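Novice: Predicted model and sequence below, questions to follow.
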Amino acid sequence: MDMSQYLEIFIDETKEHLQGLNQSLLQLEQNPEDTSVLNEIFRVAHTLKGMSGTMGFTKMAKLTHDMENVLQALRNNQIKVTSKLVDLLFQCLDALENYTDNIVNSGNEGSNEYNDIIKELNDTIQSKSSSQAQQKSASSGRKPEDSAETPQEQNQRPTANIKLNQYEQNVANKAIEMNMNVFMITVVLNKGCVLKSARAFIIFQTLERHGEIIKSEPKVEDIEDEKFDFEFTVVCVSKEGADVFKRDISGIAEIDDVIVVPVQTVEISNTAIQNDDNPIEADTQSKEDDVHTQEDKSESNTASQAHKTKTGKTVRVDIDRLDVLMNLVSELIIIKTRLAGFNGIEGSQTYNETIEYLERITTSLNDAVMKVRMVPVEMVFNRFPRMIRDVAREIGKEIQLNMSGVETELDRTVIDEIGDPLIHLLRNSADHGIESKEKRLEMGKPAVGHIDLRAYQDGDNVVIEVADDGQGINLEKVKNKAIERGLIKKEMAHTLSPKDIIDFLFKPSFSTSDSVTNLSGRGVGLDVVKTKIEQLGGIVEVETEAGKGSRFIIRLPLTLAIIQALLVMVGNEKYAIPLSSTKEIIKITPDQIKMVQKQEVFLLRNTVVPIVRLDQILEVPEIERTKKDMTVVIVKKGEKLSGFLVDSLIGQQEIVIKSLGKLLSGIKWIAGATILGDGNVALILDVNLLAV
Amino acid sequence: MEERANAESKQYVVFKLGKEDYGLDIQKVTTIERMMPAARVPKTPDFIKGVINLRGEIIPVMDLRRKFGLPPVEETDETRIIILKFDDITFGIIVDEVDEVLDLTEESIENVSSFTNDLSMDYIYGVGKVDDRIVTLLNLEKLSDIGEEETEGE
C-alpha cells in the first residue's frame, strides 16, 4: 500500500496540530488551571498519536502515547501543572516538530527516539501520589487482556467507551428477554494495519452475519473515515455464543485482540440511570468509572465539535494550482488592457460599455484570486510567543509579547518569506532592546519588558511593527562605530541625521561587529532583514528614542503579482515605475539643476532632491532630444525622495509583474518585466536600488 | 540512416550560423519561433539581446552571433529564435536559419578536444559527422552560464 499520497495531508495536518499544541501549551503555562486548554492539548496529542500510528511513524506514536498518559494524569488531577512539566511538554513538542521536519525532508521520521523525554514523561507519572492512578495509566499502555474488566479500563481512551441510549437499551433488553445474547465486542487492530477502515468494514460484515450491531463506538461514520485509533467497540445482538464471534473475528487478518463481553441486563439498567443523570450508589469502583466515562464523553464531544467546524468549509489546494490560476488571470488582464487600447470602433457606445464591464469583471476576478492566496499573518506570528518565551528564559529577562492584528492578511508568497526577518527583529528587541530587570527597575520602568508585534493594513501596504519599551538605539555609539569602520569621515559625522545613523545599522556586516553590543552581536544581521524585505518589495524604517524603546516598521506590498504602475519612455524604451513608490511628476528646466558634491540636484519646494538620469544609468541608446524642459518623476524610497529623469510619460496602467527568468536573475536596477497591451515587453524599474 | 536511428542515436536540431552548421539536443528544444522584437535589458552582457513575450511568458533571448564573435547580419525571413529549456532555465537563441532534425549515433560524434577553437570551444561538446556534413554540437549548460561572461562582455 502506497502511503505517499497521504503523506502530504499527514504533514499538513500534523503541522496544524503542532501549531495548535504550541498555542495551547503557552496558554496552559499562563493558566495552569484551565481544563479546557488541557482537554485541547490532550485531544491534539491523541489525534497525533492516531495519525502517526496510521502512517507507521511508530516513534512519533510512542512519544505522543506517553504524552497522552501524562496529560491524562493531569486531567484527572493526579499531578499538577508545574513549569517543569510545561517545559517537558514543550520538549515533546520540539521533538514532534523534529519528527515532522524529518518526515518532510526525507519521508521518514528519523532515528531519534527521545528516550530522555519519554523517560521523564514516565517519571512524571510515577511520581504522582495516588496509587490507583498509577494503576490506571499503566494499564492504558498495555494491551488489554481477556478479562472482563479490561474494556472498562480502556475507558481511558475516549473512543473506547460505550454508552447506550434509551432506544438502544430497549433493543438490548428486548433481546435479552427473548433469550438472545448481547455482547460488547472490542476489537484491537494491529498497529501495522494501514487500511483501518477497510479492516473494520470486514469485521462489521462478519459481525452482521451472526447478529445485529446496535451500537458502535466510535460511530460507524467515524470508523469509515478512519477517525479512530486502533480499536473500536460494538454492541451486538445475536443468537450465537461469544465463542463464535471470537473465533470468526480472530480469523480476520491484522487483528491483535478481540474481547467479547456478554452484557447483562443489570449493567444496562445501570447505564440507563447514568444517562438520565441520576447516578445511583453502586460499589466504589464502578462509581469511579462513571466519573471517567462522563469526563470522556464531554471531551469527545468537544473534540468532535471542533472537528466539525474545521471540515466542510475549507479545501486544501496546492499552491501551484493557485499560481496557475493567478497566471491565467494575469493573462486576462493583459488582454483586457490590450482590448481597451483599441479605438477601432469609434465612439461605439456598446463597445465602451462592454469594455468597462469586462474591466469590472477582471478586477473582481483578480481580487478574488488574490484573496484566495491571502493568508493571515497569524501563520507566522503564532510561533513567536514560544520563541520569545525561550529567548527571555535564555537571557534571563522577563518579556511579554503582545500581538495584535494577527488576522491581517498577506499574500502567501510574502508570508513564507517574512518569518525570518521578523525573528531577527524580535530577537533583536528581546536581546538588545529590553534591558535587564534590575536596570529597568532602576530606571523606574516595570520589571517586565514589553514587545509589541502589530500588523495592520494601510492602503495597498501591510505594515508590521516590532516595538519594544527598552533602551532604544544608542545613536552616539553607532555613529562612533561607523567612523571607526570608515563608513563616514569624522569631520562629516556631525552632519548626520539620526536617520542616517540608523541606516548604518542596516549596512552589511556592520551589525555583526562585536562592540556595537547594544544592538547587535549574536550575528543578528539587520542587513539580512533589510535585504529580505526589499526583495519582497517592502521597506524597513526605524524609530527610536533613548530610554523609551525602538520601533521597527516593515511596510510590505499587499500583493506581489499585480500592481499599478506608471509607464514612462526613456529614450525609445518603455519602463514601468511602481505607482506605490511615485510621489508626483513635475517638469523642470535644465537650469534648475544644480550640482552638490558631484550629484545633480534640484529644489522641490525647498527640499533638495537628487536627480537620477535614467538614460545614463540604464545605458539607453541616445536619441535626439528637442524639448527644453525635462520630465521628472519624483519617487520615494522610505522617506527620501529622488527625481527620475524620463523623456515622456505614457500613463498609468495595471501591470502584471513577471520574472525575467533564471538566466537573467540578479540583474541590477530591474525588478521584473511586464507585458504591455500591445504585446511588447516593458521592464519594471527597481526604485529602491535606483534611488539615491 | 534508418538502422542508425534507433537505440543509440539521438536527435539534433540543426541550425545555421554564418557558414557553419550547429546542432542542439532536441530534448532541450521547446519551440522554434520567428523573430520578434525584444526589449533590451540594461546591465546585461551585449550578447543578451533582451527579453521577448512568448505568449505571455517573458523569455530572455541570446544573440548567438554576438556570443560567438561573429559579425552581425540583417535579420531575414529565415531568422529564428530557438527556445530552449533545461534545468529550470528557459531562454532563446537567435540563429540565422533552422535546417532540419538529424539523427546522430554516439560513434558519429567526435570529441572536441582533438582540435581547438579558441573562442567558442567551451560551448561545444562534440562534432557530429553525417555523410559529408559536419555539425558542431553545442553544450547548453555552458551556453546558459552567463554569469562569468558578464564581466568579460562589458
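Specialist: Happy to help now that I have it. Numbers count the residues shown, from 1 in each chain, chains lettered A, B, ... in the order given.
Novice: Next one: residue 38, what pLDDT does it get?
Specialist: Assuming you mean chain A. pLDDT for A:L38: 83.
Novice: think we crossed wires, I meant chain B
Specialist: B:A38 is given a pLDDT of 89.
Novice: just the residues of the stretch 251-400 of chain A that are near chain B, which are they?
Specialist: Listed as neighbours of chain B in the stretch 251-400 of chain A under the rule C-beta under 8 Å from any C-beta of the partner chain: A:327, A:330-331, A:334. All C-beta spots, glycine's among them, are computed from the backbone N, C-alpha and C.
Novice: Just the element for the one residue sitting closest to the centre of chain A, please.
Specialist: Centroid check for chain A by C-alpha atoms, centre = their mean gives A:M379 as the closest residue, at 2.7 Å. For A:M379, the element it lies in under DSSP states H and E is helix A:378-381.
Novice: Toward the C-terminus, what is the element adjacent to that helix?
Specialist: Downstream of helix A:378-381, the first helix or strand assigned by DSSP H and E is helix A:384-395.
Novice: which residues touch residue 123?
Specialist: Just going to use chain A. Taking C-beta atoms under 8 Å, 6 or more residues apart in numbering or on different chains, we find A:D123 in contact with no residue.
Novice: ah, I was thinking of chain B
Specialist: Applying C-beta under 8 Å, 6+ apart, the residues near B:Y123 are B:67-68, B:138-139, B:142-143.
Novice: How about A:M403: what's its closest non-neighbour residue?
Specialist: Residue nearest to A:M403 in three dimensions, not counting chain neighbours: A:L453, with 4.7 Å by C-beta to C-beta, 6 or more residues apart in numbering or on different chains.
Novice: any idea how far that neighbour lies from chain B?
Specialist: Noted for A:L453: a distance of 36 Å to chain B, by C-beta to the nearest C-beta, to the nearest Å.
Novice: what are the phi and psi values for that residue?
Specialist: phi -110, psi 120 (degrees, to the nearest 10).
Novice: if I look at it, how far off is A:N402?
Specialist: Distance of A:L453 to A:N402, given as C-beta to C-beta, to the nearest Å: 7 Å.
Novice: out of those two, which sits in the more crowded spot?
Specialist: Counting neighbours by other C-beta atoms under 10 Å in any protein chain shown for A:L453 and for A:N402 shows that A:L453 has the greater number, 24 against 11.
Novice: Low-confidence bits of the stretch 1-150 of chain A, can you list those?
Specialist: Applying pLDDT under 70 to the stretch 1-150 of chain A flags residues A:1-5, A:128-150.
Novice: pLDDT weak spots in the chain?
Specialist: Picking chain A for this. Within chain A, the set of residues satisfying pLDDT under 70 comprises A:1-5, A:128-163, A:192-195, A:264-313, A:343-347, A:460, A:508-524, A:559-561, A:638.
Novice: try again with chain B
Specialist: Within chain B, the segments meeting pLDDT under 70 span B:1-7, B:112-122, B:146-154.
Novice: mind redoing it with 80?
Specialist: B:1-9, B:55-56, B:87-88, B:106-107, B:110-125, B:130-132, B:141-154 (pLDDT under 80).
Novice: got the residue ranges for the helices in it?
Specialist: B:64-67, B:140-143, B:147-153 (DSSP state H).
Novice: Thanks a lot, see you next time.
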